[in-house]
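Participant: Below: sequence and its predicted model.
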Amino acid sequence: MGQCDCNSGSGHGTDQHNEAAAQDAQLLANLRQIQHKLLVMSGKGGVGKSSVAVYLALALAKRGHRVGLLDVDLHGPSIPHLLGIQGMFPVDPVTKLLIPHRYSDNLEVVSIECLLEDRDAAVIWRGPVKHGVIKQFLGEVQWGKLDFLVIDSPPGTGDEPLTVAQTIPDAHAVIVTTPQEVALADVRKSINFCRQVHMPILGLVENMSGLICPHCGTEINLFRKDGGARTAARMNVELLGSLPFDPRVVEAGDAGIPILEGPADGAFVNALEAMIVKVLERCSPPPAVAPKEPEQK
C-alpha cells in the first residue's frame, strides 16, 4: 500500500501561514520605525501630484529630516525619472531585504520602476497583486528609522490608496489639486474617500495656482484662482499651500535634476518653504492612531 499523505496539504498550509505571519511582523516592525507617513494623492491625473511628492520629500530632507519616498504608482511610476534615479535595487545579503536607492544623505527612494529591466514595460496587474507588492515595499525594504515616509500614489481612489489606508492606519493624506473646477470635483471625492476609510487628512495642496511671467513678473491664472482655498474651506480641511506654476520645475523634472539641487529662489521655492512649515506644524503632535497588525488576506 502506498504511504498516506493526507496531512501533507495541512503542512503546506501551515508553512504558508507562518511565512505570511513573518512578513506581517516585518512590515509592522518597519512601520514602527517610521514616525510620520504621508500619502500624496489626487482625484485626477495631470495635477502635478508626483512633483509635489518629490519636492515635499526633498524639502523635508534638506531640513535635516530622514525621509523615505515610496512610489506606489505601479502602472505609471515617475519618481525615478523626476530624481534621475536608475538601476535595480541591491539586496542586503544578511536580511534579504531590498535596499532603497540613496538619493542623498537624508533621502531614500523605492519605486517599481527600479525592479523592471525595461523601464518602458507595461505593468499589467490586478488588485490582489498590487496589494501584495505594496505590502512588500513596506515590509521587505530596509527602510530603517525615518522621520517621514512620503508615499506617491496614482490618481483616484482605487487599489493603491486603499491598500495604504488598510496597511498603515496612522497614515495622513496630502491631497493635490489644481484650481479649476474639473480637478476640484475629483478632489472632493478623494476627501470623502479619506473620511470613509478613516484616514486623517493632513491638508490640501493647490498646485499650478498661477504662472509668474518671467519677463514682467505679472501673475497669470492658468487654471482660475483660489479654487483650492475655497474647496478647503467648504470641505473643512487645511490648505497647506498654493504652489505656482514654474517652467523651471518642468524642465528640472525632464532632466532629473530638481531645482532645489541648485541655487533655489523664486515664487515656487518660497511657496514650497511656506508649505513645508505648515506640514511640520501639522505633523508636530504625535499620531493619534498607533500602527496595528495588518489585516489578514
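Facilitator: Perfect, thanks for sending it. All values reported here derive from a predicted model rather than from experimental measurement. Numbers count the residues shown, from 1 in each chain.
Participant: Show me which helix or strand of this protein is least confident by mean pLDDT.
Facilitator: strand 219-220 (a mean of 73; mean pLDDT, DSSP states H and E).
Participant: and for that strand, what are the contacting residues?
Facilitator: By CB atoms under 8 Å, 6 or more residues apart in numbering, the residues outside strand 219-220 that reach it are 210-213, 244. Using the backbone N, CA and C atoms, a C-beta is placed for each residue, glycine as well.
Participant: mind listing the helices for this protein?
Facilitator: Along the chain, the segments classed as helices by DSSP state H run 8-32, 49-62, 79-83, 127-139, 159-167, 181-196, 227-235, 247-255, 267-283.
Participant: Show the buried residues in the contacts of strand 219-220.
Facilitator: Applying 16 or more other CB atoms under 10 Å to these, the neighbour count classes 210-212, 244 as buried.
Participant: Format those residues as JSON lines; extra columns: pLDDT and distance to residue 225.
Facilitator: Converted to JSON lines, the buried ones among the contacts of strand 219-220 look like this (pLDDT from 0 to 100; distance: CB to CB, whole Å):
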{"residue": "210", "pLDDT": "76", "distance to residue 225": "7"}
{"residue": "211", "pLDDT": "75", "distance to residue 225": "11"}
{"residue": "212", "pLDDT": "70", "distance to residue 225": "13"}
{"residue": "244", "pLDDT": "90", "distance to residue 225": "11"}
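Participant: Pull the contacting residues for residue 45.
Facilitator: 154-155.
Participant: hmm, back to that, quick one: which of the buried ones among the contacts of strand 219-220 sit in strands?
Facilitator: Members of these lying in strands (criterion: DSSP state E): 210-212, 244.
Participant: count of residues packed around the closest residue to residue 182 other than its chain neighbours?
Facilitator: Nearest non-adjacent residue to residue 182, counting by CB to CB, 6 or more residues apart in numbering: residue 44, 7.5 Å away. Residue 44: 19 surrounding residues under other CB atoms under 10 Å.
Participant: Check the gap between the nearest residue to residue 140 once chain neighbours are set aside and residue 30 for me.
Facilitator: Among residues not flanking residue 140 along the chain, residue 97 sits closest, at 5.7 Å (CB to CB, 6+ apart). Using CB to CB, to the nearest Å, residue 97 is found at 9 Å from residue 30.
Participant: Need the overlap of contacts for the two.
Facilitator: Counting by CB under 8 Å, 6+ apart, the contacts common to residue 97 and residue 30 are residue 141.
Participant: So between those two, which is more surrounded?
Facilitator: residue 30 (22 against 17).
Participant: who touches the more buried one in this structure?
Facilitator: So residue 30 contacts 138-139, 141, 143 (CB under 8 Å, 6+ apart).
Participant: picking that back up, with mean pLDDT added, can I get the helices of the chain in CSV?
Facilitator: Formatted as CSV, the helices of the chain follow (pLDDT from 0 to 100):
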stretch, mean pLDDT
helix 8-32, 78
helix 49-62, 96
helix 79-83, 94
helix 127-139, 91
helix 159-167, 94
helix 181-196, 87
helix 227-235, 86
helix 247-255, 89
helix 267-283, 94
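Participant: Reformat those helices as CSV; add distance to residue 89.
Facilitator: Output for the helices of the chain, formatted as CSV (distance: least, CB to CB, whole Å):
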stretch, distance to residue 89
helix 8-32, 15
helix 49-62, 18
helix 79-83, 11
helix 127-139, 10
helix 159-167, 20
helix 181-196, 30
helix 227-235, 36
helix 247-255, 22
helix 267-283, 28
